[in-house]
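Novice: need a structure here:
(one chain, ligands or ions: 2)
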Amino acid sequence: MYILSSKQLAQVDKATIKNKAITSIDLMEHAATLCFQWLHTRLQGQNIKIHVFCGIGNNGGDGLVIARHLFQHGYNVNCYIVNFSDKRTDEFLTNYDRLKEIGEWPTVINNETNFPKISFEDIVIDAIFGNGLSRSPEGFTKKLIQYINNTKVFTLAIDMPSGLFGDKSVTKKDAILKAGHILSFQTPKLAFLLSENKEFVNTWEIIDIGLDEESINNLQPKINFTTKSEIIPLYKPKDKWSHKGTFGHSLIIGGSFGKIGAITLTSKATLKIGSGLVTAYVPKCGYNILQIAIPEVMVEVDDDKLLTYFNFKTKPSVIGIGPGMGTAEKTALGYEKFIKENKLPLVIDADGINILAQNKTLLKYLPKNTVLTPHPKELERLIGTWKNDYEKLTIAKQFSKNYNIILVIKGTYTVIIDNEFMYFNSTGNPALATAGSGDILTGIITGLIAQGYKPKYAAIFGVYLHGKTADIAIQETSYETFTASSILEYLPDAILDLFNQEQINEVGNEENESTT
Ligand SMILES: NC(=O)C1=CN([C@@H]2O[C@H](COP(=O)(O)OP(=O)(O)OC[C@H]3O[C@@H](n4cnc5c(N)ncnc54)[C@H](O)[C@@H]3O)[C@@H](O)[C@H]2O)[C@@H](O)CC1
Ligand SMILES: [K+]
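Specialist: Ligands and ions are numbered 1, 2, ... in the order given. Got it, this is the predicted structure:
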């Protein structure tokens, strides 16, 4: 699904009202009713005190609708108007009246003395600011946000945590509501996917409020959140007349004395994802290890303990290079020569990236669409430091553009960057933070390219499957005991899951719920 900016969302909002002949008040009623239903399904009428804080814009309007439904269903509700401005929107005013019509008068908060008592066991609904936030909250509104945060009460944020900008960085972190859960309208907001916002964004899910899909597509958004529905069309079905040559020949280069395990994992993953043939090119000390560990993989050797000459005879269709390779001087020299002469598609990881970072003049020799898979430290060596995640993404996009390469930035939400396009991955969990997990990813992406997937799609698809293995595994095993080898163990399930129709229909609901 697409990730839209605040400006794009406002445009789509207008287009929906025009194209779908729906009034803005009905759109609000629909969106906020879905939020009420979400809560009602979970609370089932329980007598918990619910505090609904409403701003004076349309986010506040949503809050008033939710409060009305809660009152009408007999909940124990306190509704407040956070009166930070007199520029109330029409939709807010209409819903203010509708609330009064059922005999409920919200409490107006004009200053700190009006703050209500909130207990830890209560629930707070945050409808103070949404997409319309134009500057950080100040005055008593800021104090109210801090007051709510200090109670440590469960907070349900409507559309966005108040004070958080959807698509730009926040400098004043003391004026943002810490949301326990977010019900966000139509598309995820970029802010939810960035580590610097982790205090404010716990779990979130998307509520499909029926905004006009055609208008969204017409905007040709450049930021994506890849879920199962985007992944399924990428899958290449197998032709019954195919043979092992059809699925390519991957050459996996890496390893050094003591780090043959890394390249063994990469080679295994390349084979397991379906590369027709796999050859590993390793130092001599890795020969027996690889031959015994993976009989299906062919092995060519270089010098004794370190890669030095890079003079393999194999004629592969794609090369995955870097895991366990080290950055010793003679390895770096051989690697540099290899990079300058190579014309084959490349996937570069770990020390392969580190050597490029040490000698950036090599970057111009990389074939177009080379895939680089840095973890945060490797990325920093490659592109320099950044002030916040927004800046990191801007620098990374420019880097991808300058060198025509695809960056796979590994993290909680791994993002694939191809020029101006960004694809945030939806799968994965902390189980993947384990030794060798990146080596496996390199193998998966290389093996997909061998089978004819375009590098960008191999990266998107590979990252999705890699994360999905951990999501499936965690239903039956523990985070602690999940290792890099477990990724390969669950890879068949991750692929089979693509064909599980029942869950396809779930996309758009719980499937997108995400924990950071
Ligand atoms: N189609 C949509 O996109 C829909 C949007 N809806 C709601 O509408 C929200 C957007 O509503 P609005 O555009 O009215 O904006 P908000 O309700 O987010 O903000 C209210 C107003 O406060 C003012 N403001 C911004 N920052 C301020 C600050 N720091 N201090 C004081 N005042 C400040 C602005 O003038 C802004 O218009 C969405 O987040 C969502 O909750 C829903 O009603 C459903 C439909
Ligand atoms: K909010």
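Novice: mind checking the SS state of the residue most central in space within the chain?
Specialist: Closest residue to the average C-alpha location of the chain: Tyr413 at 3.2 Å, with CA atoms, centre = their mean. Judged by DSSP: H, G, I helix; E, B strand; the rest coil, the three-state class of Tyr413 is coil.
Novice: Test my guess that it contacts Asn425.
Specialist: Yes - using CB atoms under 8 Å as the test, Tyr413 is close enough to Asn425 to be in contact (6.1 Å). To be clear about C-beta, it is placed using only N, CA and C from the backbone, and glycine gets the same treatment.
Novice: my guess is Glu205 meets Phe185, correct?
Specialist: No - counting by CB under 8 Å, no contact exists between Glu205 and Phe185, whose distance comes to 10.8 Å.
Novice: ok, now which ones touch Pro283?
Specialist: Gly255, Ser256, Phe257, Ile260, Val301, Asp302, Asp303, Asp304, Lys305, Leu306, Leu307 (CB atoms under 8 Å, 6 or more residues apart in numbering).
Novice: how about the residues of the protein that lie near ligand 2?
Specialist: Within reach of ligand 2 by CB under 5 Å from the ion, the chain has these residues: Asp126, Gly130, Ala157, Ile158, Ser162.
Novice: Secondary structure class of the last one, three-state.
Specialist: Of the three states, Ser162 takes coil according to three-state DSSP.
Novice: Output the below-cut-off pLDDT ranges for this protein.
Specialist: The chain contains residues with pLDDT under 70 at 502-516.
Novice: quick one, helices of the stretch 401-516 of the chain?
Specialist: 437-450, 455-473, 484-497, 501-506 (DSSP state H, counting those that start in this stretch).
Novice: Figure out which of these is closest to Ile66.
Specialist: helix 501-506 (24.3 Å; CB to CB).
Novice: re the thing from before, which one's more surrounded, Glu205 and Phe185?
Specialist: Under the criterion of other CB atoms under 10 Å, the comparison of Glu205 against Phe185 puts Phe185 first, with 25 against 17.
Novice: May I have the secondary structure class of the residue of the chain most remote from its centre?
Specialist: Distance from the C-alpha centroid of the chain peaks at Gly103, with 44.1 Å (CA atoms, centre = their mean). Secondary structure state of Gly103, per three-state DSSP, is coil.
Novice: quick one: it and Ile109, what's the gap?
Specialist: 21 Å (CB to CB, to the nearest Å).
Novice: Lys152 too?
Specialist: 20 Å.
Novice: Pick out whichever of the two has more residues nearby.
Specialist: For Lys152 and Ile109, the more surrounded residue by other CB under 10 Å is Ile109, and the numbers stand at 21 against 11.
Novice: what is the more buried one paired to in the beta sheet?
Specialist: Val82 (DSSP bridges).
Novice: There's contact between it and Phe115 in this structure, I believe.
Specialist: Yes - if you go by CB under 8 Å, Ile109 and Phe115 touch, sitting 6.8 Å apart.
Novice: okay, and the common contacts of these two?
Specialist: Counting by CB under 8 Å, 6+ apart, the residues touching both Ile109 and Phe115 are Leu144.
Novice: Just to check, Thr89 is in contact with Ile56?
Specialist: Yes - assessed by CB under 8 Å, Thr89 is found in contact with Ile56 at 7.2 Å.
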